[in-house]
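In: build me a structure from this.
(chains A and B)
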Protein chains: 2
Amino acid sequence: MPQYKAPLRDIKFLMHELLQAPQALAGVPFYQANDTADADLLNQVLEEAARFVETELAPLNRVGDEEGCTRHEDGSVTTPTGFKEAYRKYREAGWTALDADPNYGGQGMPHLVSNVLVEMMTSANVAWSMYPGLSHGAYSALHAVGSDELKDLYLPKIVSGEWTGTMCLTEPHAGTDLGMIRTRAVSNGDGSYAVTGTKIFISAGEHDLADNIVHLVLARLEGSPQGTKGISLFLVPKFVPNADGSVGERNGVVCGSLEHKMGIHGNATAVLNFDGAKGYLVGEINKGMNHMFIMMNAARLGTGLQGLGLGEVAYQNALAYAGDRIQMRHEPRVNADEPADPIIVHPDVRRMLLTGKAYTEAGRAMAMWLALSIDLEHHHPDEAQRKEAADLVALLTPVAKAFMTDNGFTTAVLSQQVLGGHGYIREWGLDQFVRDARIGQIYEGTNGIQALDLLGRKVLMDGGKKLQKLAGTLQEFVEDNADDEDLAPYLDQLGKAAGQLGSLTMVIGQKAMAGPEGADEVNAAAVDYLRYFGHVVYGYLWARMAKIAHEKIRAGQDRDGFYLGKVQTARFYFTKLFPETKALAATIKAGNEPLAVDDRAVFGLERALVGA
Amino acid sequence: MPQYKAPLRDIKFLMHELLQAPQALAGVPFYQANDTADADLLNQVLEEAARFVETELAPLNRVGDEEGCTRHEDGSVTTPTGFKEAYRKYREAGWTALDADPNYGGQGMPHLVSNVLVEMMTSANVAWSMYPGLSHGAYSALHAVGSDELKDLYLPKIVSGEWTGTMCLTEPHAGTDLGMIRTRAVSNGDGSYAVTGTKIFISAGEHDLADNIVHLVLARLEGSPQGTKGISLFLVPKFVPNADGSVGERNGVVCGSLEHKMGIHGNATAVLNFDGAKGYLVGEINKGMNHMFIMMNAARLGTGLQGLGLGEVAYQNALAYAGDRIQMRHEPRVNADEPADPIIVHPDVRRMLLTGKAYTEAGRAMAMWLALSIDLEHHHPDEAQRKEAADLVALLTPVAKAFMTDNGFTTAVLSQQVLGGHGYIREWGLDQFVRDARIGQIYEGTNGIQALDLLGRKVLMDGGKKLQKLAGTLQEFVEDNADDEDLAPYLDQLGKAAGQLGSLTMVIGQKAMAGPEGADEVNAAAVDYLRYFGHVVYGYLWARMAKIAHEKIRAGQDRDGFYLGKVQTARFYFTKLFPETKALAATIKAGNEPLAVDDRAVFGLERALVGA
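Out: Below is the predicted model:
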């Protein structure tokens, strides 16, 4: 049975030493007014969250995987044993309200805190965590663009956790390409709409945890144009509420089936059939795609956290196994009295473990940096600061989603490898972490789509301004610390790579403007570009963490070796993982030409679609 | 429902054009005497194998995954629906006898042919293929070192497929480290032994396909020394045969349970309890490890073929999806009349598909080269030629096992990614290919162990002689074709990388001899070294395939575009995959130092085991 212990020591290091979050939030009246940015309070909430997650959610993880969800003939769905009770406790303890608006019953805590909670929940039980996770996305969109009437009726219920939410985007023929959706809405003439269509892959789409489910649904209003410009966002409740907020009549939305998936079995992935269901417009007509991206961006960081959380728990269990399992000799011997040594002494096992640790700790630093930036984006009194934070969030969100889920999957697979044959056996739990981690690379926009978002929209579309801002921050750090001998080996690599990232961007940018094939050049480079970008960000964060750690060590303040651990993991990162950038630079430079192959000759298609 | 079509065109290209197998085997009296190396016959057998595999085995693949195997209270095991009937047809069609010794009922076909059959079977149904696969391993060991009495009694039954075989090595506390096994054998005084102990992870360990199961079991004979030098190999039949070969009394070996695994559900992975079971010594006392490696080396190439076969079928299904699924626009448009273009037009989708194709076709070339070399090793009349072939087989076997299973897993994961959300849904089949492919990296010696075998035993132990021989072959090819402008870009990269492989080997070799830490340096470098090595071999094979293809194109003989496909895939390989060597060179050079971290500080252990 796998174990999970929340990495509080590292989280506190990042919150208080790397990000100095209480100080950063001290200048934000919203948190001061709500008294929610106090350092001791933040620690207390994190500790309480850790306790809840370790004791209530982690023990249900394997149950969820083994039992899955059950759909009954009437379309109702039962979640795995224990899920409902855990949700009741979660709700009653107030976790659903953590970072929500106090005007609707929320606690007004920083997003930084809920970010950590989500990481812990995904480590402990990712399938379970998706029920409140989807609610949070629905909350964000409704809070941002919903009418006061809708907000007053629905938000208090979502914040209290009595009702949960979903995002209904995908249809059988329309996944990445939402412009093709066919679900339609017709006005009922009373301010409501009749919504009809089929949505698939709806996470938490039907279940028994809550009294009601609030579906946020993309649909095309009668008479709207084709494509993405004709899509609106509708709220479709499972039960239409009465004016007093009590649950009213059953609405015309039914779970037609549940998908059989590779993993996240404990979450109900529903096919939802909307048959003239009563819905309400959220935000403006034909602005559904914009509104949807409010949910989507939150969901993308949330998905990145799944990569982080699953990497962390897989690493923890591989580490425990590697310390216990004795097999083969190392010289000098460690266990002279036993027939073999613990496998953690073998360098290749250490390589696998260190890979997990280095990716996980850098990912956590990036995610918390991003979460703090979201707090500043939303609440900082200075507009320039809000803009700066918003730009960073926009730039790093696709990196967080794709790089963290890719590295999380890699970490889960390497951790499974540490267990050898036992890693392939279900009861040891690593198999589940690998299967559960795989979906993060696919949903909420595949990692290929994230890469296009980064390179095409976030970097090239504004002429590289957001990238230059980030590069400036890195360059400043490199220059400010040029005399620090401890950091020299890292800063040299980091400075060169940041410079090369700039020149690679220029090259791609020039190709992108050269005629109709330009789009193909962006598409061809995007995935490798995002990985290169991710390494530069992780390198920057490892260098900053190492700087703090070296200072502590020099000051004689490394009592438990935590800072030595940071320094040595940083060294590992720069010598064993960061060099991937050398290969990526070469493949980015190779461009689209090697991909523009003859479709008949190479793929056996009947006609050449692209290449020649 | 996933589909599979055997890649006969590519297989024939490799057999007749790249390897010129009939010509190579023409000088081998064994095949001439059995008349089994004729070009037309080889083609005919391959076509018949393809037909059988596509129609009989592929349709059972998903059934096997969904149903799994069932153990009954009496320890008997039922395989999934259809498995038994398919095995009967397989056996009756003579496939179990394909490359077996005519003295025991075999057909005496080249191993090259059975290699192709195994690739096809693993594409179609890897779990099913393991039942005859394990028999083949048992056959090889028994044939090589068994007494005439044992061979006469057991081999005809295994060759006819009436009985199947297993390899019983692993115990709960002893996987990689077989020197620690506790299963013991005591002489019965009548030439037989009583074998007692528990073996785990026994593939095809119990089932209903055959009348009898022949277990080859590693055990320690009473009075033998501890460690690997005290291990012997025993044959333990499920039913003790009568002298006439009929099935006799039930022996004391029982399936205690079946493992619940991530994949290969259709194969029964058994815990086998031996309780004084009657066994017979195979080969010499205390030489069990050596004898076991006869099976193991065959099993390692067979495992590599699983990576190849699963990569191939995953690629085929991703390709079919990418051609059908329309989503998003490409400029210029391909489907002007439809709302979107097939996703195969998007460069990143092409990158994923081409990765699968490039790895798969190079892997097939390497596997068939290796298989032909095994034929020459076993049967060539000239001792020097046998030695040369044996050295190549020894050198490339760990590469085939690890590089092919790693690339197969990568291909399966990328192919799953091509399907987006559908890739995560079981009915589409990609999920199963990923889960089934994962075990290849773990069993028959983890890929980390393969890397140590390559670098430590095969390369360094003989002072680099085997490597130098291979490097000479490569260098010769590069020099011979120095004037070929079509090949220039590949040969330049290949020549440099082969040279760097030599210098990296020297550096590691020197570190390896420098005191007790030398072993750690080998262990630290091994996995990255094997990947570098694999790329050099694949690069060599792609260059050779491109040379043939360019010649055909220049001669106007590329009627169906097959050769253009080879040339363009070679170009993709060298520009998009081969550059991984740049990163690997850097991480190999970084050595063990970044891994020699403080165990308390980095891993939170109570004491420092290795680093400081």
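
In: now stretch A:81-88: average pLDDT?
Out: Mean pLDDT, stretch A:81-88: 98.

In: may I see the buried residues of that stretch?
Out: A:82, A:83, A:86, A:87 (16 or more other C-beta atoms under 10 Å in any protein chain shown). The way it works is simple: take the backbone N, C-alpha and C, and place the C-beta from them, glycine included.

In: let's see which of these end up in helices.
Out: Judged by DSSP state H, the buried residues of stretch A:81-88 include A:83, A:86, A:87 as members of helices.

In: looking at the residues you listed, which is nearest chain B?
Out: Within those, the smallest distance to chain B is 20.8 Å, found for residue A:83 (C-beta to the nearest C-beta).

In: wait, that closest one sits on residue A:61?
Out: No: using C-beta atoms under 8 Å, residue A:83 is not in contact with residue A:61; the gap is 10.6 Å.

In: shared neighbours of those two, which are they?
Out: A:128, A:266 (C-beta atoms under 8 Å, 6 or more residues apart in numbering or on different chains).

In: that older thread, same list (the buried residues of stretch A:81-88) but as TSV, adding distance to residue B:548.
Out: Output for these, formatted as TSV (distance: C-beta to C-beta, whole Å):
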residue	distance to residue B:548
A:82	62
A:83	59
A:86	62
A:87	63
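
In: quick one: list the elements packing against the longest strand that chain A contains.
Out: When chain A is parsed with DSSP state E, its longest strand is strand A:269-282. Packed against strand A:269-282 by the contact rule (3 or more C-beta pairs under 8 Å, 6 or more residues apart in numbering or on different chains; DSSP states H and E) you find helix A:111-145, strand A:193-203, strand A:212-221, strand A:231-237, strand A:253-258.

In: list the buried residues of it.
Out: If you call a residue buried by 16+ other C-beta under 10 Å, then strand A:269-282 has these buried ones: A:269, A:270, A:271, A:272, A:273, A:274, A:277, A:278, A:279, A:280, A:281, A:282.

In: skipping adjacent residues, who's closest to the last one in space?
Out: In space, residue A:282 comes closest to residue A:233 once its chain neighbours are excluded; the distance is 4.4 Å by C-beta to C-beta, 6 or more residues apart in numbering or on different chains.

In: need the contact list for the one you found.
Out: Shown in contact with residue A:233 (C-beta under 8 Å, 6+ apart): A:141, A:145, A:216, A:217, A:218, A:281, A:282, A:283, A:287, A:288, A:291, A:292.

In: what bridges to it?
Out: In this entry, residue A:233 is beta-bridged to residue A:218, residue A:282, by DSSP bridges.

In: and residue A:78, by the same measure?
Out: Under the criterion used (DSSP bridges), residue A:78 bridges to residue A:70.

In: tell me who's in contact with it.
Out: When contacts are counted by C-beta under 8 Å, 6+ apart, residue A:78 touches A:69, A:70, A:72, A:207, A:208.

In: follow-up on the earlier one: just flag the most distant two among the buried residues of stretch A:81-88.
Out: Greatest spatial distance in the buried residues of stretch A:81-88: A:82 and A:87, 9.5 Å, computed using C-beta to C-beta.

In: look up how far residue A:324 lies from residue A:534.
Out: Distance, residue A:534 to residue A:324, using C-beta to C-beta, to the nearest Å: 33 Å.

In: should've said residue A:254
Out: 49 Å.

In: which one of these two is surrounded by more residues?
Out: Comparing residue A:254 with residue A:324 by other C-beta atoms under 10 Å in any protein chain shown, the one with more neighbours is residue A:254, at 18 against 10.

In: thought the more buried one was touching residue A:277?
Out: No: using C-beta under 8 Å, residue A:254 makes no contact with residue A:277, being 9.0 Å away.

In: what stretches of the stretch 201-350 of chain A score poorly on pLDDT?
Out: Applying pLDDT under 70 to the stretch 201-350 of chain A flags no residue at all.

In: so which residues on it come close to chain B?
Out: Within the stretch 201-350 of chain A, the positions adjacent to chain B are A:201, A:226, A:259-263, A:319, A:323, A:326-328, A:330-332, A:334, A:339-342, A:344-350 by C-beta under 8 Å from any C-beta of the partner chain.

In: just the buried members of these?
Out: The buried subset of those - by 16+ other C-beta under 10 Å - is A:201, A:259, A:261-263, A:319, A:323, A:326-328, A:330, A:334, A:339-342, A:344-350.

In: got the buried residues for the lowest-mean-pLDDT helix or strand in chain A?
Out: Every helix and strand in chain A was compared by mean pLDDT, DSSP states H and E; the lowest is helix A:29-34, with a mean of 91. Across helix A:29-34, burial judged by 16+ other C-beta under 10 Å covers A:30, A:31, A:34.

In: export those to TSV and append columns for distance to residue B:130.
Out: As requested, the buried residues of helix A:29-34 are exported to TSV (distance: C-beta to C-beta, whole Å):
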residue	distance to residue B:130
A:30	61
A:31	60
A:34	61
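
In: residue B:379: which of the residues you listed is nearest?
Out: Nearest to residue B:379 among the buried residues of helix A:29-34 is residue A:31, at 79.5 Å by C-beta to C-beta.

In: show me where the stretch 501-612 of chain A has its helices.
Out: With DSSP state H, counting those that start in this stretch, the ranges of helices along the stretch 501-612 of chain A come out as A:518-554, A:562-572, A:580-590, A:599-603.

In: next, format those helices as CSV and append mean pLDDT and mean neighbour count.
Out: Below are those laid out as CSV (pLDDT from 0 to 100; neighbours: other C-beta atoms under 10 Å in any protein chain shown):
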stretch, mean pLDDT, mean neighbour count
helix A:518-554, 98, 23
helix A:562-572, 98, 23
helix A:580-590, 98, 21
helix A:599-603, 97, 22
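
In: where's residue A:607 relative to residue B:326, distance?
Out: Per C-beta to C-beta, residue A:607 is found 15 Å from residue B:326.

In: how about the nearest residue to residue A:339, chain neighbours excluded?
Out: residue B:180 (5.4 Å).

In: pLDDT score for the one you found?
Out: 95.

In: just to revisit the earlier point, and which of the buried residues of helix A:29-34 is nearest residue A:197?
Out: Out of those, the member with the shortest distance to residue A:197 (by C-beta to C-beta) is residue A:30, at 39.0 Å.

In: which one is that closest one nearest to, not counting chain neighbours?
Out: Nearest residue to residue A:30, sequence neighbours excluded (C-beta to C-beta, 6+ apart): residue A:379, at 4.0 Å.

In: one step back: between the buried residues of stretch A:81-88, which sits nearest residue B:501?
Out: Relative to residue B:501, the closest of the buried residues of stretch A:81-88 is residue A:83; by C-beta to C-beta it sits at 53.3 Å.

In: can you pull the contacts of the closest one?
Out: Here residue A:83 is in contact with A:60, A:64, A:128, A:131, A:209, A:266 (C-beta under 8 Å, 6+ apart).

In: cool, and residue A:225?
Out: For residue A:225, the contact set (C-beta under 8 Å, 6+ apart) comprises residue A:286.

In: I'd like the distance between it and chain B.
Out: Using C-beta to the nearest C-beta, to the nearest Å, one gets 13 Å for the distance from residue A:225 to chain B.
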